[in-house]
Each structure stands twice: as C-alpha cells, then as structure tokens.
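Colleague: Provided below for reference: sequence and predicted model.
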Amino acid sequence: MKEAEDQSQGRKLLTAVERILSDTDSLIALAEQHLRKAREDKREASEEVVRYFSTRAAISGGLAAAPALIPGAGTLVAALGGALADMGFLLKYEVEMALVLSYLHGFDIRKDEERQLAFLLASVSTYDAKSGENALVDMAKAEGVAIWKYAPREVSKHLVSVMTKIALLQLSKGLVRALPLVGIAVGSSMNKVLTKRVGERCIRDLQTRREFLSTESARKEQEEEVVEARVRPPAKKKSAAKKSAKAPARRAAGRKS
C-alpha cells in the first residue's frame, strides 16, 4: 500500500513536468542559437546551455519559496506543496537542458525514445546530485546492460521509479523552505548549484553514450565482416588434370610459332 502511494507521487511529479516542458522546436532553436554564439564549438555551446538553465533554475527556486512570506497557510504550501512545486520547475529546466544537450551531441530529440532517454538522464542526474548516489550506474549493473540499450518500456519503468525517489527525497528535505527569506535564498542558490552539477553530469553521460554507440557500431561492422567471410564461397582451384592437359597444348603452340 505504501509503495503504491509512493509511486503515485512519482507519477504525479512526472506528469506535471511533462505538461510544462517547452516544445521541441523551441529547444532545437535554443540549441542552434548557443551553437552559433559558440562558433560551432559544441563543447563551449554545451557549457553555455548549462549556465543558461542553471540561472533559470535559481530563479524558480526563489519563487517557489516565496509563499513562506505568507503566515500560516503560506508556510504549509512552502513546506509541502512548495517543495514539490519547486522540484517540478527544477526538473522542467533540467529535462529541457538534457534535451538541448542531447541535440548538441547529435541525437534527434524529435523522436519519442530520445525524449524519454533525456528525461531519464535528467531525473537520474538530479537524484544523484541530491542524494549522493549513482542510480545510473547501479541500474546498468543491475540489468547487466548499458542504459542506452534499454527498450522504451524499460526506460518508462525506471523513470517512474526515479521520479518516486525524487519526490520522497524532496518532501523529506523541503522543510527549510518554510523559513521566510532564508528559504528563498537557500532555494535559489541550491537550485543553481544542483542544475550546474546535473548539466555537467549530463554532458559526461552523453559523451559516454556517443563513445558507446561508436564502439557498438565498430563491433557490428567487424561481426558483419566475419560473417561475410564465412559465407563467401571459396575460389575454385584448377584441377591438376586440366593443368597437365593445357601444358602440352601450350608447348605445341610454341613449336608452331
């Protein structure tokens, strides 16, 4: 019963974030804008994207704690509703950041599976940054396969699981938001630092994914070459009888000339 209630919190958080995400075309335009500013330097563009979204996450952190200025009900909203509301906006910016970074690393974020992976990458990175754990590595080890090879159904399952962990973690640490002014300052600075860490983590994981895909591609090419070599018919050898029959003919032709 308790587990079902916890998962319900995770699904609510996931649904809320999905509803407030910017559309894909806007995110692609943002990626192209930063890429132009960085003069086609993808690494510099990625760093600028992280700074861009960490600033917006800082603003959302301060606004989410603002209800604490209202006595009574405002304190409850800041401590309970405010905590999840802040996390919803934080995840919005971090998922959008993961999508933009995915695009800069050459992945087509118009595809549903790429959007799901970016969502999982952002949420896992957020949980890791807040909890100090490494959910992405743990998940990959548990499954015995790289996370990038997960089927859409597996990605969806893990996404709900991580969102549930984030919701529970956020609610347990949300009481500081109930303190007027202090909550605003803490919320703003924590969100900025957290989003910066998440962005750096996303960049590392996307680079790892790109290397993984390159290695997989090279491995498949080698396997195809081996298979092709095995099924290729062997070259026909001339029989000894035919060779010996041709030899006198060549000698006779030589004498006539």
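Modeller: That came in fine, so what should we check first?

Colleague: going forward, measure contacts between C-alpha atoms and count neighbours the same way
Modeller: OK.

Colleague: for the stretch 1-150 of the chain, which spans come out with low pLDDT?
Modeller: Applying pLDDT under 70 to the stretch 1-150 of the chain flags the ranges 1-3, 5, 61-83, 133-148.

Colleague: now do K192 against S214, distance only.
Modeller: 33 Å (C-alpha to C-alpha, to the nearest Å).

Colleague: so for these two, which residue has more residues nearby?
Modeller: A direct count of neighbours by other C-alpha atoms under 10 Å for K192 and S214 places K192 higher, at 23 against 12.

Colleague: state the mean pLDDT of whichever helix or strand that one is part of.
Modeller: Taking DSSP states H and E as the criterion, the element that holds K192 is helix 182-231. Taken as a whole, helix 182-231 carries a mean pLDDT of 75.

Colleague: can you give me the helices for the protein?
Modeller: Assigned by DSSP state H, the helices in the chain fall at 2-20, 24-37, 42-65, 73-76, 82-104, 112-131, 135-143, 152-173, 182-231, 240-256.

Colleague: same for the third one, what does it pack against?
Modeller: The one in question is helix 42-65. Contact analysis of helix 42-65 by 3 or more C-alpha pairs under 8 Å, 6 or more residues apart in numbering; DSSP states H and E lists helix 24-37, helix 82-104, helix 182-231 as its packing neighbours.

Colleague: can I get those in JSON lines with distance to R153?
Modeller: Listed next are these as JSON lines, based on distance: least, C-alpha to C-alpha, whole Å:
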{"stretch": "helix 24-37", "distance to R153": "22"}
{"stretch": "helix 82-104", "distance to R153": "19"}
{"stretch": "helix 182-231", "distance to R153": "19"}
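
Colleague: from these, which stretch is densest packed?
Modeller: helix 82-104 (a mean of 26; mean count of other C-alpha atoms under 10 Å).

Colleague: what helices or strands is it leaning on?
Modeller: Packing partners of helix 82-104 (3+ C-alpha pairs under 8 Å, 6+ apart): helix 2-20, helix 24-37, helix 42-65, helix 112-131, helix 152-173, helix 182-231.

Colleague: what's the closest of the helices and strands packed on helix 42-65 to L168?
Modeller: Minimum separation from L168 across the helices and strands packed on helix 42-65 (C-alpha to C-alpha) falls at helix 82-104, 9.4 Å.
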